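> pasting the structure only:
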């Protein structure tokens, strides 16, 4: 009975995550549940069979409520790798409003993950300084370390780069 309850709990959480984010990498869905790879793979296969999700083997993307020809939000996918790094300590996470991709709570603090594309630093600085948003700790994703000095915002928790296969490197810049 415990296994069935566990399957139902993980299935509900996979559906919650995928319905919120719409598109994630297969590996991201598996890694959000550390130590449960086999169970998660079974659930994914069952959801594919039930046509609740679509798996594109060529790109290794899982789509929820979309067809596999839809455009994936690559900045959101990059930001989700950061969520995976912090997942053991995150209490709740969800996609956020621009300019952030993802917002999450960790302990008593609120965080936003924001991707700043190369060449967009000046406009993002204006957007971040003009915001009347709740104060958050900002995790800023940049393409490379050289972009960090160009970004000015309050409450920068850290900068990071995200590789194509999900490796995240963190930096503090002052």
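Nice, I can see it. Note that this is a predicted model, so its numbers are computed, not measured. Numbers count the residues shown, from 1 in each chain.
> can you pull the pLDDT of residue 66?
Note on residue 66: pLDDT of 60.
> Next: residue 1.
As predicted, residue 1 sits at a pLDDT of 46.
> And for residue 5?
71.
> For it, which three-state class applies?
helix (DSSP: H, G, I helix; E, B strand; the rest coil).
> So what does the closest residue to residue 86 other than its chain neighbours have for phi and psi?
Nearest residue to residue 86, sequence neighbours excluded (C-beta to C-beta, 6 or more residues apart in numbering): residue 106, at 6.3 Å. C-beta: built from backbone N, CA, C; applies to glycine. Main-chain torsions, residue 106, degrees, to the nearest 10: phi -140, psi 120.
> Contacts only, for residue 106.
Residue 106 is in contact with 86, 89, 90, 91, counting by C-beta atoms under 8 Å, 6 or more residues apart in numbering.
> swap in residue 172?
158, 159.
> Repeat the analysis, applying 10 Å as the threshold.
148, 156, 157, 158, 159 (C-beta atoms under 10 Å, 6 or more residues apart in numbering).
> Tell me how many other residues crowd the last one.
As a burial measure, residue 159 scores 21 neighbours (other C-beta atoms under 10 Å).
> Could you do the third one as well?
Residues contacting residue 157 under the criterion other C-beta under 10 Å number 16.
> Quick check: phi and psi at the closest residue to it other than its chain neighbours.
Excluding the flanking residues, the one nearest residue 157 by C-beta to C-beta, 6+ apart is residue 137, at 3.9 Å. Here is the backbone geometry of residue 137 (degrees, to the nearest 10): phi -80, psi 130.
> Can you list the helices and strands that the helix or strand harbouring residue 129 packs against?
Using DSSP states H and E, residue 129 falls within helix 121-130. In terms of contacts (3 or more C-beta pairs under 10 Å, 6 or more residues apart in numbering; DSSP states H and E), helix 121-130 is packed against strand 109-115, strand 137-141.
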